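>>> need a structure here:
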Amino acid sequence: MDIRKKRAAKSWMMLALAGAVAAGCSNGGESGDGGKGDGKPITYSWLVYDRVEGKVRPDWEIFKEIEAKTGVKPEFQVVSQEGLEEKKQIMIATGSVTDFIQVSTQEGRDNGPDKVFLNLKDYLDKAPNLKAFYDKYPEAKAVATGADGGIYTVPVLEGDAEGKGFNFIWYSRKDLMDKYQLKAPETLDEFYRYLKALKEKEPKSYPLISNAIVGDTGLYTVFGRIFTGIHGFYNLDPETGKYAFAPYQKGYKDMILFLNKLYSEKLLDPEYSLLTDAQWEERILTGKSLVTYFWKADLETLTDKAVKAGTAGYELDAIPSFAADGVKNYQFSRPVVGGVGRAISAKVKDKERAVKFLDYLVGEEGSNYLSLGIEGKTYTLENGVPMYNKDFGASPFTTLRKDWGVWYDMITLDNAKSRAAWERGLSDKAKDINARYEKFIVPAPKQAVKTEEELELEKSKLSSLSKYMEQKLTEFVTGKTPITDESYDQFVAQCRKLGSDELLAMYETAYTRTYGGK
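Take a look at the predicted model:
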């Protein structure tokens, strides 16, 4: 059975399960005014989920302002975060998506040509902001374009065009560094000696802890980059501009030996591979662990939590990024173009009006409402640039999302604009950390556009390969499997059997095809 037939069969199966899931979605067909948008009030359904910071509300002031300007009122269909993915997949499979919906750009490319999503390309002559957006961000146009040449999503912006914004830093206990007169490490060897010194001074601690084993802050991801220059199992090598598989790189076995040494010498939390986020936080806050790699935005919040919990003098600070000898010392910036985007249902009523509404939200005024809020209430202009209301504190996200609907996932289209406004109001300490890390930041790789065959290969190979690697690396680090030339060669050989070569060739081919190897 070919891929398209498989997808059709899946769609019919989902249809049988879903039933009439289309309640609340608009009927097809153009409006009586020919889609010109005569200013009469209109309502469009919009799929969202409730964030932990605050539930979706129909009375957020930004949408009252938007409705006054456009005559369009969003009717939010709210699901739980846990049920969001299933709900979205059923909607896509049955062709019954809400009028406005956030999907992955891949979902847009796959299902747009099947008339699930509206082809925005047909309306660009009436949508100047959208046209300017795709002209300014060629990557966004590339990942939004289906096999038929249609454009089906407006990708969400995540980072600044200069590729300087970043998310992660090394944390360490500055109060203990001061107490014991410890110098911040700047090399891999210094980092090891630093952990040894902390263990000697705080013998009940396991100095190093990680909140995960894979992902951007995962132990194997971070130390894989430190020892090989490759972030994650597969990624673009910033030195060569080519895709690489980390275990093939010189230094990966050294990474395993290093982590095993940390584990054996009780410098790494012995439960590192099993920890929940709550356990990770508790150990950082109580001094059971002292060093970690995490989101920079949480450093001051965690410090405040520890102080309020009674740990006098507790202070976290950043220590420099480091790498093994001969390996580029870097961290990827936030990607400029994200992996998700806003789409419109192909069955939306008054298609032209819907596109014009999306065009408004992409434009400066609409984008400002979604990303910044209302001038004078949620943000002010300082020297011509927006900064969030100082009363919202160092972490304004909760107030903005809960009370205003600003910077709310599945609603906003420009997270980069929100982050810029937040970072302009950072404390002097946070700004200093940003300045210290600037030299380590390099632009994130662009997204490759994969064919259906490439996606099938990834789906059939990557999950089982990743699970095997996670399991085997944990066995190596914890000593369950001795680390020898023979055992490492067997590990690499099994990766090959599970498809590591095919996946590597596919990633390089897809990236080169999309961007010409740039």
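
>>> where does the stretch 401-518 of the chain dip in pLDDT?
By pLDDT under 70, the low-scoring segments of the stretch 401-518 of the chain are 517-518.

>>> and the strands in it, which stretches?
Using DSSP state E, counting those that start in this stretch, the strands of the stretch 401-518 of the chain run over 441-442.

>>> all strands for the stretch 151-300 of the chain, in order.
154-157, 168-173, 234-236, 243-245, 291-295.

>>> so for Pro270, which of those sits nearest?
strand 291-295 (15.3 Å; C-beta to C-beta). Quick note: C-beta positions are derived from backbone N, CA and C, even for glycine.

>>> got the buried residues for that closest one?
Counting neighbours by 16 or more other C-beta atoms under 10 Å, one finds that the buried residues in strand 291-295 are Val291, Thr292, Tyr293, Phe294.

>>> ok, these vs Thr98, which is closest?
Using C-beta to C-beta, Phe294 comes nearest to Thr98 of those, at 34.9 Å.

>>> that closest one contacts Ile209, correct?
No. If you go by C-beta atoms under 8 Å, Phe294 and Ile209 don't touch, sitting 9.7 Å apart.

>>> quick one: average confidence on stretch 111-124?
Confidence for stretch 111-124, expressed as mean pLDDT, is 97.

>>> single out the most deeply packed of the strands of the stretch 151-300 of the chain.
Stretch with highest mean neighbour count among these: strand 154-157 (a mean of 25; mean count of other C-beta atoms under 10 Å).

>>> can you lay out the strands of the stretch 151-300 of the chain as a markdown table showing distance to Phe392?
Below are the strands of the stretch 151-300 of the chain laid out as a markdown table (distance: least, C-beta to C-beta, whole Å):
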| stretch | distance to Phe392 |
| --- | --- |
| strand 154-157 | 22 |
| strand 168-173 | 22 |
| strand 234-236 | 36 |
| strand 243-245 | 41 |
| strand 291-295 | 18 |
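
>>> now those in TSV, with mean pLDDT?
Below are the strands of the stretch 151-300 of the chain laid out as TSV (pLDDT from 0 to 100):
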stretch	mean pLDDT
strand 154-157	98
strand 168-173	98
strand 234-236	97
strand 243-245	98
strand 291-295	97
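
>>> between the ones you listed, which one is closest to Tyr488.
Among these, the nearest to Tyr488 by C-beta to C-beta is strand 243-245 (14.3 Å).

>>> hmm, back to that, between the strands of the stretch 151-300 of the chain, which gets nearest to Arg496?
Among the strands of the stretch 151-300 of the chain, if distance is taken as C-beta to C-beta, the winner is strand 243-245, at 9.7 Å.

>>> partner strands of the closest one and their direction?
strand 234-236 (antiparallel) (DSSP bridges).

>>> any idea how far the strand it pairs with is from the chain center?
Centre-to-centre, strand 234-236 and its host chain are 16 Å apart (C-alpha atoms, centre = their mean, to the nearest Å).

>>> what is the nearest of the buried residues of strand 291-295 to Ser500?
When these are ranked by distance to Ser500 (C-beta to C-beta), Tyr293 comes first, at 25.5 Å.

>>> quick one: contacts for the closest one?
Contacts here follow C-beta atoms under 8 Å, 6 or more residues apart in numbering; on that basis Tyr293 touches Phe168, Ile169, Trp170, Tyr171, Ser210, Thr217, Val222.

>>> and Ala394, that's in a strand?
No. Under DSSP: H, G, I helix; E, B strand; the rest coil, Ala394 falls outside any strand and is assigned coil.

>>> would you state the helices of the stretch 101-250 of the chain in chain order?
105-111, 128-136, 138-144, 174-180, 188-201, 219-228 (DSSP state H, counting those that start in this stretch).

>>> dump those to JSON lines, plus distance to Gly150 and mean neighbour count.
Listed next are these as JSON lines, based on distance: least, C-beta to C-beta, whole Å; neighbours: other C-beta atoms under 10 Å:
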{"stretch": "helix 105-111", "distance to Gly150": "9", "mean neighbour count": "24"}
{"stretch": "helix 128-136", "distance to Gly150": "12", "mean neighbour count": "17"}
{"stretch": "helix 138-144", "distance to Gly150": "9", "mean neighbour count": "20"}
{"stretch": "helix 174-180", "distance to Gly150": "53", "mean neighbour count": "16"}
{"stretch": "helix 188-201", "distance to Gly150": "49", "mean neighbour count": "17"}
{"stretch": "helix 219-228", "distance to Gly150": "35", "mean neighbour count": "24"}
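
>>> all set, thanks.
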